[in-house]
Structure formats: structure tokens, C-alpha cells
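Colleague: mind looking at a prediction? Sequence and model below.
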Amino acid sequence: MISLDVGGTLLDLAEPESAYADFLERFGYPSDKEQIRSWIRTSQIESGGEGVSVTSEFTVSGEKEKIRRDKMISIFLREAGVDKGLEDCREAMWESWLKEPVFRLFPEVIAVLAQLKERGFVLGAVSNWEPRLSQLCENLKIGKYFDFFVVSELEGHVKPSTRLFELALEKVGVAPKEVIHVGDDLANDIQPAHSVGMRSVLIERDSSIEVDFSPRIPTLRALLPLAGARSWVKGKVASGKREAADFTQLAWVREQVKNAFGFEPYPGTLNLRLEGPEDLSAWSQLRQVPGVLLQPEPDYCAGHCYPLSVEGQISAAAVFPMVPGYPEDVVEILSPVALRERLGLSDGMTVTVAFE
């Protein structure tokens, strides 16, 4: 099962001022976008802020939130000078929150959701949202991909409460370890999902944000190799002895890696040191099968290789050299690119590799 946050993960607030300008003009109140932005700010401030009202126990009242939003609409229409056709304008503003251009899907979302459903995944939305979330998803052409919705204002709980994640598990009847939750917020998505035992993926569309969390993906496309992986292994980037650069440039190594995995290795490898018992166990189990054998030339050692993706973004392979005493807590990664530079990695950072 895969559960997904909605705002910031699947869609974003796009152009509410365009939608508002359209219905205001339709009812005889032409306005420019800067005016509308000013009225939006005033309505948010006077109605008690743009976010929901959350108690210290992370509960929320859908009824109170509807009253607050209705007040916000009234203030906005007052600022716009609407008197004639007031109720029609009010209804038009409510309805604008269920479609574009107020909200807009990120470009890859439909294609990725379709592929996940084709692979047989149960998909659910777990979101802090108003009760009409399923209608919004239907209007944006993604409703058909979801098997269930867990919506804060319908359930009376709001993330970071773990209750919404527990409800998702109850709806499908699966164990937490069988679920991947994807969200864009560490506090509201990643931490509560982890607290109930789910695996989690941080989607970080703004690359300027620096967070040491893994797996961390720039778009939903990188979820596909993570979701389809046989197992995940997490480790911390560690400097090696710099012996791999020459090894990876040997003609027989380059040829065999290209034939097996479709890429020529970048000089050197990325070393991950495993610390968690689950990661050590998963890596040990993977090595019980031979993988792809690198047949050595004289005076060189053989190695077993295993295909993987790094952070769901780069296809690569782990190589385990057949050398007596080689450390079993190290995963050495062959890649077509310089992984440190491509992913902005430095020693001590956490990286997830997903084995195919």
C-alpha cells in the first residue's frame, strides 16, 4: 500500500487570483490581480489566519473550519465591493476551490499514479484538507486512482497526529511495514508515519531546502523504483581508500558492468556504511544469492554485483568484492555518474538504496 499526502505532494496552490478575477468579472466586478491578492490577505487575517484551527491534541472541527472559511469569503467579497449577486459570488468562490486554476497537479502525478495502479498497489490519500478533497481529486482527474481517502476535517484529527495514519491502516487491514507514505513535510508526514511503523519518503520539490533525510525524492517519478524494490538498505556516506577509481576504469570491469547493467561506471565508488540491524540483515540476505558475477582477469579479485537505484533516482549497482575479510557493513556502489556531486552528498549523510 502507498499513502500520499496531497498538498505539496500531488498538487499545489496555483492561481486563486485568476479564478477569483473570472467570477468577479462575470458578475460585474472587474478587478486586477494585485487588488485580489490584497483582499485575500485581508480576508485571511480577519478570519483568523489561513491555516486550520488545531487544538494541542491535534484535533480539528470540520464545522468550525467551514464557518471560518465562510467568514473569509464574506470578508473577501466585502473588500471587493460585492453587493448585487452576493450569493452567486459566494457560491462561485466555494466552487473555485474544487478545480483549476486554484489548485494544479504537478506534471508527473497522473502518469505515476497510473503506473502504481497498474502494478497493483493500493493507493490512499492521507491529508489535512477540507471534506471535499475527493471531489477536488475527481475534478483534477486523479480520483479514480485512489482506493480510500483519510481527510482531517472528516476524521476530526489533523497531522501530525498519528491517528490519520492509523485510520489508513485500519481501512486496508495491512501491517505498517507494508506501507510507504509519501509527503513533503517532515513533521506532518514523515515523523508520524514512522511512529506507526510505516516506511516513508520525503518529496522535496524545492531543492534549496537542506534536510538530511532519506529517501528524499525531487518528484513523484522517483517513487516508482522505490515502491517496486525488493528491499531498501540505508547507510551513511563514508570515504573509502580511493582504490576503486582505478579498478572501475579497468577495461574488463567497464565492459562487464555495461553488459550487465547498461552503464559504464564512473571512476570510483560511493561507500555506504550500514548501522541499523535491519539494514545489515537485508544486505546479508541479498548476498545469499550470487547476483551478477564480475569475472576477473589474472591478479584481480572477483565481485558479485546487485542492481539497485540510489534514492529512487539513479540506476546503479552494488559490488561486493570477493576478498577475505571485506567488511560486511559496507555497500560499495558503482554508478554511471558522480553520486556525491549529483545528489549533493557528503560524509555522514544518509542514503537509501533500493534493490531490484
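Modeller: Sure thing, it's come through.
Colleague: and stretch 279-296, how far from the chain's centre?
Modeller: Relative to its chain's centre, stretch 279-296 lies at 29 Å (CA atoms, centre = their mean, to the nearest Å).
Colleague: ah, wrong one, I meant stretch 107-116
Modeller: 13 Å.
Colleague: name the residues of it that are buried.
Modeller: By 16 or more other CB atoms under 10 Å, the buried positions in stretch 107-116 come out as 109-110, 112-113, 115-116. To be clear about C-beta, it is placed using only N, CA and C from the backbone, and glycine gets the same treatment.
Colleague: which non-adjacent residue is nearest Val201?
Modeller: Distances taken as CB to CB, 6 or more residues apart in numbering put Val182 closest to Val201, at 4.7 Å, once the chain neighbours are dropped.
Colleague: residues in contact with the helix or strand hosting the one you found?
Modeller: Element membership of Val182, judged by DSSP states H and E, is strand 180-183. Residues from elsewhere that reach strand 180-183 (CB atoms under 8 Å, 6 or more residues apart in numbering): 1-5, 8-9, 126, 165, 189-190, 193, 198-203, 220, 223, 226-227.
Colleague: next step: these restricted to strands.
Modeller: Of the contacts of strand 180-183, the ones assigned to strands by DSSP state E are 2-4, 126, 199-203.
Colleague: buried subset of those, written for PyMOL?
Modeller: One line in PyMOL is enough to select the buried ones among those; burial here means 16+ other CB under 10 Å:
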select buried, resi 2+3+4+126+199+200+201+202+203
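Colleague: kindly format the C-alpha coordinates of the top helix by length along the chain as PDB.
Modeller: In the chain, taking DSSP state H as the definition, the longest helix is helix 62-79. Coordinates of each C-alpha in helix 62-79 appear next as PDB, following Å, rounded to 0.1, in the frame of the first residue of the first chain:
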ATOM      1  CA  GLY A  62     -14.800  20.500  10.400                       C
ATOM      2  CA  GLU A  63     -17.900  22.500  11.300                       C
ATOM      3  CA  LYS A  64     -15.800  25.300  12.800                       C
ATOM      4  CA  GLU A  65     -13.500  25.300   9.800                       C
ATOM      5  CA  LYS A  66     -16.400  25.700   7.400                       C
ATOM      6  CA  ILE A  67     -17.700  28.600   9.400                       C
ATOM      7  CA  ARG A  68     -14.200  30.200   9.300                       C
ATOM      8  CA  ARG A  69     -13.900  29.700   5.500                       C
ATOM      9  CA  ASP A  70     -17.400  31.200   5.000                       C
ATOM     10  CA  LYS A  71     -16.300  34.200   7.100                       C
ATOM     11  CA  MET A  72     -13.200  34.500   4.900                       C
ATOM     12  CA  ILE A  73     -15.400  34.500   1.800                       C
ATOM     13  CA  SER A  74     -17.700  37.200   3.300                       C
ATOM     14  CA  ILE A  75     -14.700  39.400   4.100                       C
ATOM     15  CA  PHE A  76     -13.200  39.000   0.600                       C
ATOM     16  CA  LEU A  77     -16.500  39.800  -1.100                       C
ATOM     17  CA  ARG A  78     -16.900  42.800   1.200                       C
ATOM     18  CA  GLU A  79     -13.500  44.100   0.200                       C
END
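Colleague: and that helix, how far out from the chain's middle?
Modeller: Remark: helix 62-79 is offset 31 Å from the chain centroid, using CA atoms, centre = their mean.
Colleague: in it, what's buried?
Modeller: Neighbour-count burial for helix 62-79 [16+ other CB under 10 Å]: 62, 65, 69, 72-77, 79.
Colleague: stretch 22-31 now?
Modeller: Applying 16+ other CB under 10 Å to stretch 22-31 flags 23-24, 27, 29, 31 as buried.
Colleague: stretch 179-187 too?
Modeller: Under the neighbour-count criterion of 16+ other CB under 10 Å, stretch 179-187 has 179-186 buried.
Colleague: who does the residue nearest to Val201 bridge with?
Modeller: Taking DSSP bridges as the rule, Val182 bridges to Leu4, Val201.
Colleague: contacts only, for the residue lying closest to Leu140 once chain neighbours are set aside.
Modeller: Nearest residue to Leu140, sequence neighbours excluded (CB to CB, 6+ apart): Leu105, at 5.5 Å. Residues counted as contacts of Leu105 (CB under 8 Å, 6+ apart) are 10-11, 140, 142.
Colleague: state the phi and psi torsions of Leu105.
Modeller: Main-chain torsions, Leu105, degrees, to the nearest 10: phi -70, psi 150.
Colleague: Lys171 touches Phe148, doesn't it?
Modeller: Yes. Between Lys171 and Phe148 there is a contact under CB atoms under 8 Å: 4.8 Å.
Colleague: and the angle from whichever strand or helix holds Val351 to strand 199-203?
Modeller: Assigned by DSSP H and E, Val351 belongs to strand 350-355. Counting by axes from the mean of the first three to the mean of the last three CA atoms, to 10 degrees, strand 350-355 lies at 110 degrees to strand 199-203.
Colleague: strand 350-355 pairs with which strands, parallel or anti?
Modeller: strand 231-238 (antiparallel), strand 303-310 (antiparallel).
Colleague: buried residues in the first one, which are they?
Modeller: Read that as strand 231-238. 231-237.
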